[in-house]
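Chemist: Turn this into a structure:
(2 chains)
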Amino acid sequence: MQKITDSPIDFAEDIIHDVKNSKEEGVLKCVQCGMCTSTCPAARHSDYNPRDIIERVLEGDITILEDDCIWNCFYCYTCHSVCPVGNSVCEVNQILKQFAIKNGIGYEKLYEYMGFADSYFTAAIGAIPEIFFADIDRDVPGWWDFRQHLDEIRNELELDPPLMPPKDVIDEVSTILTITGFKKKIENIREAQEGEK
Amino acid sequence: MRDDLKVGVFLCECGGNIADVVDLDEVRASLDVEFVGQFENLCSLNGRKIIRDAIFDHDLDRVVVAACSPISHEKTFQDYVKPLNPYLMDMANIREQCSWVHSDRKKATHKAITLINASIEKVKQSDAVDPIYCQTPDEVAVIGGGIAGMNAALSLAKQGTKVTIIEQSPSIGGHMAKIGKVFSPVKIAEECGMCLLNPILNELVWNDNIEVMTNTKVIEAERRAGTYNLILEKSPRYVDTEKCLACGKCAEVCQVEVPNDWNDNLSLRKAIYRPFGQSYPEAYVIDMDNCDKCGDCFRQCSMRAIRLKGKPEKTLLQVGSIIVATGHKLFDMEKRPEYGYTRYDDVITQSELGRITGVNGPTKGKLLKANGEVPKRVVMIQCVGSRDEKPDGHRYCSKICCTVALKNANIIKHKYPDTDVLICYTDIRTPGMFEKYYKHTQENEVRFMRGRPGEVVKKGDNFIVRTEDTLKGEFVEIEADMVVLSTAMEPSDGTKEIAEILNVGTTEDGFIKESHPKIKPIATDVQGIFVCGTAHDPKDITDSIMQATAAAAKVNEYNYGGVEIEPFIAEIDNEKCIVCGDCVSRCKYKSMSIQEDEVYIDPMSCTGCGKCLVGCNQRAITVNGNIDEKILSTIKGVLSKKQEGERMILVFLDNIGYTAADNIGVNRLSYPESIHIIKVISVNRVRPKHIRYALENGADGVFIGEFPGDLMYDEVERKIQRVKDRISEMGQNPERITFSKVYIPYFSGLARKFNDFDEKIAELDEVES
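Modeler: Okay, here's the model as predicted:
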């Protein structure tokens, strides 16, 4: 039962005021029509339900931060582009994940993606971590072969070789990531996960 | 001499609304005038006696009423000062613009004294002028021959008014003619739409007061003294309606077949055709874009009704008032490719379903798919283009689509009980009696699923409608072999065109805007132009007819009552005028014209903005009412009360901005006491000399607000920039002048702008002192 002193909307307000939210009051205008869910690939293949995410946010249900399902969204932004009231569950999802991380939740989910973080330091770009190669090759037949021969294919198409950031850029990006606390955050996640093992 | 005038000031306590914040004793003590009166409710009939007695007893020449806003009670007090001329009274707004926006008693009292003093100085400059009465011609043009236009015309004609219906298509009848069956909420049943429409059509055709012009459009409009001159263009029909018997032999021999738009392009028609069985005029028409001019029809016609040559003819129609009934169109499904409408024949709209199930439609009423089979499951998708903030979508609810879906679902269920009908909805909106029809539809075994489908894809011979059953929280794929889209209603192209031609305001969605959504739902913001039907907003047939007949009543009210106009408009001195025409081309409101070698000014469209004055080399134009002097005296009246260290900002607003400012008070928001609002008939009347005078004589800042919809907006904006440049050249700070957009509904924004400007001026004062 909701008590008279409860203010469930506070949770939604926190999300609206997050810097990542570009849709102003969109969350509050949700009428639960389900159009997001009807086009969501994650909803089709898992128990992720974008409409339900907003419903729980509006109910002030903060246990959603601990729900494994929020990690199933992989940012295709379809919900963002179809929402009839101009909401973006995709952005809300990203904010929820940040809230979770701040509360020490989901480190094990992030741990799989550490390779992405490392590539910012080593190459100043987000590169697909090697541990995903096998999965991708399984899901996208021919992908590995394509990747192996990328240079030749580009050559054939008369494309320039891929532009890679030079060393001074890599150094600069590394410095920024260190000063802004990104590096520390990554170390914490590694420590927490590897410590557990 | 004006200084010798005897002025009486009447203070209203407004039952405490004013007296609780403003110390009226102190106000009374500060006034140096012939007479000061005070009463708790001046607008009551007792107030009338107090004012009138004082005018007689003290022989008053001018009256100031310090009370509420003139927007509320100017008319009341203009009446109460009789036998004084109504324009010898001025109102000092010490409620909406003082006691309701300020709380500091001392400051509010001083502000009230300042505002009253400004009114006293202003009213001394007033001259007795008489309002102008205009009588408009009785003839009426109804633009649009759909169900709304037909009813408006018929109602007027039955009351003895001459009406011309202007319809751009070859027949009157509009959308209702093609709907098939209609539904009325009281009878839980669907009825034949044409059977309801036909008697109205017949009555209209036989009424001598009505002239129907088909194939005709309004291409130009101009207004003079309450008379609209409409230039009409009639496209050739190529068939003489007087001779044609509508026997149809011409169409039999015509070899050209093109999609029949009356059937939503679901069937074919010939290049010579009759739009539909009951179309009026009862005659064929040639679609010249598709005609191959073989001459077969010409040779076939025994009546010699066909003329293959013809060109558009222009005619002039003079009327006193206009009813806009130009209707709607349906949402363009190319904008929502995810539903597959343009790719798949069996994804259709509710309008097309209406044609398919109509006995006079392409399948003679049989519900068939493109392959000729009866569908096993029909899925209807609601809110297509409505309640949709995506690009090209409409934020509003189209209001009728829920009931349209229910109606068509029932029609299917009656004839094909084995066909499963499922309606995917976000909310079912069936207010009032329509709710009973919703229940009836459920009893008919029509199924409902709460969820807004994201896409329709083809799988084998069938469709998959992807949606979420939001009540269960389950993602579902519904297999269907026909999908029906409930498309949004939007303003027709004709509605958009006529709004531009007649210069009537539209809503952000492009519908014709009513003059007030609550209390003036039929008048537009242009006098003498009224709106009805779906040109105004989405509505059903019943509501369209109600609004149409109401529009007819409003037109007659206007015809019989005449129009009273404020006399502060331009006047030409024909002795000086050389008829150069400069003012005619300058006037943004098109109120000037040259008639019989003289410049004529239409009192109904002149706003008194004074643009013509400035350009007239002969100085042959004046604007009645001593306006320049009134503005200057008001400024002097405010500034003369400036105290040591007091910040004074003058705000110039016309009727729109002033109403917005009143709304700040009505909603009990606040702004600084430094803000002094001066109401002007047009912001353009604030001359550079006024602004310079104000800044040189104590004003710390000048704020000018204008509604961007005003035709003079750009002009005023440029003018203010020139004044700023000039001020800058003279070594003063142009930052002390600001020009801002104002909107009536956006009063909180205006309050914020007042606060921001006050802060900025305070900073400037600090820096420059």
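Chemist: how deep is residue 123 tucked in, by neighbour count?
Modeler: Picked chain A for this. 14 (other Cβ atoms under 10 Å in any protein chain shown). For every residue, glycine as well, the C-beta is placed using N, CA and C.
Chemist: nope, chain B please
Modeler: 28.
Chemist: What sits closest to the residue most central in space within chain B if chain neighbours are left out?
Modeler: What sits nearest the mean C-alpha location of chain B, by Cα atoms, centre = their mean, is B:Lys513, with 2.2 Å. Excluding its sequence neighbours, the residue lying closest to B:Lys513 (Cβ to Cβ, 6 or more residues apart in numbering or on different chains) is B:Gly505, at 4.3 Å.
Chemist: my guess is that neighbour meets B:Asp525, correct?
Modeler: Yes. With contact defined as Cβ atoms under 8 Å, B:Gly505 reaches B:Asp525; the gap is 4.6 Å.
Chemist: Tell me the residues that contact both of these two, please.
Modeler: Contact with both B:Gly505 and B:Asp525 is made by residues B:Lys513, according to Cβ atoms under 8 Å, 6 or more residues apart in numbering or on different chains.
Chemist: Thought B:Ile478 was touching B:Asn462, still the case?
Modeler: No. Between B:Asn462 and B:Ile478 there is no contact under Cβ under 8 Å: 9.9 Å.
Chemist: so where is chain A shaky, pLDDT-wise?
Modeler: A:196-197 (pLDDT under 70).
Chemist: sorry, that was for the stretch 601-750 of chain B
Modeler: Using pLDDT under 70, the stretch 601-750 of chain B drops low at B:745.
Chemist: how about the helices in it?
Modeler: Using DSSP state H, counting those that start in this stretch, the helices found in the stretch 601-750 of chain B span residues B:611-615, B:627-639, B:655-666, B:688-696, B:713-729, B:747-768.
Chemist: Quick check: buried residues in the third one?
Modeler: When you say that, I think you mean helix B:655-666. Neighbour-count burial for helix B:655-666 flags B:655-666 (criterion: 16 or more other Cβ atoms under 10 Å in any protein chain shown).
Chemist: Let me have those in a markdown table, adding distance to chain A as columns.
Modeler: Formatted as a markdown table, the buried residues of helix B:655-666 follow (distance: Cβ to the nearest Cβ, whole Å):
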| residue | distance to chain A |
| --- | --- |
| B:Asn655 | 32 |
| B:Ile656 | 28 |
| B:Gly657 | 27 |
| B:Tyr658 | 31 |
| B:Thr659 | 27 |
| B:Ala660 | 24 |
| B:Ala661 | 27 |
| B:Asp662 | 28 |
| B:Asn663 | 23 |
| B:Ile664 | 24 |
| B:Gly665 | 28 |
| B:Val666 | 25 |
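Chemist: Next one: B:Gly248, what pLDDT does it get?
Modeler: B:Gly248 is assigned 93 on the pLDDT scale.
Chemist: Chain B contacts on chain A?
Modeler: Applying Cβ under 8 Å from any Cβ of the partner chain, we find that chain A lies next to chain B at A:31-40, A:43-44, A:49, A:51-52, A:78, A:81-86.
Chemist: mind redoing it with 10 Å?
Modeler: Within chain A, the positions near chain B by Cβ under 10 Å from any Cβ of the partner chain are A:26, A:29, A:31-40, A:43-45, A:47-52, A:55, A:78-79, A:81-87.
Chemist: Among the residues you listed, name the buried ones.
Modeler: If we count by 16+ other Cβ under 10 Å, the residues of chain A next to chain B have these buried: A:26, A:31-40, A:43, A:48-52, A:55, A:78-79, A:82-87.
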